[in-house]
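I would like the atomic coordinates for the input below:
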Amino acid sequence: MTQPIDLRALDLFAFCRKSESLSGDVAVRDLPRILAETAAQAPASAPEETLAYTATGFVREEAAEPGAPVARRLFLDVTIKGRMWLDCQRCLAPYAEPIDTATRFEVVESEEAADAAPMDDDEVDVIAGSKRFSLLELIEDEVLLALPVAPKHDACPSVHESLVTGTDGEAQPEAEPEEEKRPSPFAALAGLKNKH
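Sure thing, here's the model as predicted:
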């Protein structure tokens, strides 16, 4: 019988070297930073919703130049699908934001190596591996990075009261009818100027 894999303590180096793969669902309630971002008025079932993930490790052997020793580089592909309940910044009502991410990571030996890695490859992010790596934290990071800066419905079901009444919540006075408008105090000055 195989031992269940602890997503909070995965030997990421071995996982990639053995070209292993994992997939499953993780509940929002198990991701505290995601739970903190969830809309306060979200449906009661929101913490029980799940995010589907896959994680696949692999090795790529490369020589920097012909005749040079072959380097074994470790990689991890992570995809996440699901949804997250956010507050719409336009109407302030909660809505479900779809999550659909796919990221490739190069796994290096240490934080120092990750910091020293060149930043010129937009296709691959560099992360420091560990023998007790938290895949849950990585999933959480990726979901947070996928969230929009200004979350909002594609089309709001209703307009928030503040957009109708003004930002202070008080109804805006109706414009005076044309015939009742008072003359501008500057009109009298303009008239004096024209007399000279």
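
Now do the strands in the protein.
21-27, 50-63, 70-87, 94-108, 124-128 (DSSP state E).

Distance to Ala9 and mean neighbour count for these - can I get that in CSV?
Quick note: C-beta positions are derived from backbone N, CA and C, even for glycine. Below are those laid out as CSV (distance: least, Cβ to Cβ, whole Å; neighbours: other Cβ atoms under 10 Å):
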stretch, distance to Ala9, mean neighbour count
strand 21-27, 13, 13
strand 50-63, 14, 16
strand 70-87, 16, 17
strand 94-108, 16, 17
strand 124-128, 15, 17
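
Any chance of JSON lines for the ones you listed, columns mean pLDDT and distance to Leu136?
Shown next, in JSON lines, are the strands of the chain (pLDDT from 0 to 100; distance: least, Cβ to Cβ, whole Å):
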{"stretch": "strand 21-27", "mean pLDDT": "95", "distance to Leu136": "6"}
{"stretch": "strand 50-63", "mean pLDDT": "91", "distance to Leu136": "9"}
{"stretch": "strand 70-87", "mean pLDDT": "93", "distance to Leu136": "11"}
{"stretch": "strand 94-108", "mean pLDDT": "94", "distance to Leu136": "15"}
{"stretch": "strand 124-128", "mean pLDDT": "91", "distance to Leu136": "14"}
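
among these, which is nearest Pro4?
strand 21-27 (10.5 Å; Cβ to Cβ).

The closest one pairs with which strands, and in what direction?
strand 50-63 (antiparallel) (DSSP bridges).

wouldn't Thr56 be in contact with Ser21 here?
Yes - assessed by Cβ atoms under 8 Å, Thr56 is found in contact with Ser21 at 4.4 Å.

Not including adjacent chain positions, what is the nearest residue to Thr103?
Val78 (5.3 Å; Cβ to Cβ, 6 or more residues apart in numbering).

let me redo that: Leu138
That would be Val78: by Cβ to Cβ, 6+ apart, it lies 6.5 Å from Leu138.

Distance check, the one you found against Val124.
Distance of Val78 to Val124, given as Cβ to Cβ, to the nearest Å: 12 Å.

possible to save the strands of the chain as CSV with distance to Ile34?
Putting the strands of the chain into CSV (distance: least, Cβ to Cβ, whole Å) gives the following:
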stretch, distance to Ile34
strand 21-27, 9
strand 50-63, 8
strand 70-87, 7
strand 94-108, 10
strand 124-128, 19
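
Select, out of those, the one closest to Asp154.
strand 94-108 (9.0 Å).

how far off strand 70-87 does that closest one point, in degrees?
170 degrees (axes from the mean of the first three to the mean of the last three Cα atoms, to 10 degrees).

Show me what strand 94-108 is packed up against.
When contacts are defined as 3 or more Cβ pairs under 8 Å, 6 or more residues apart in numbering; DSSP states H and E, strand 94-108 packs onto helix 12-17, strand 70-87, strand 124-128, helix 135-146.
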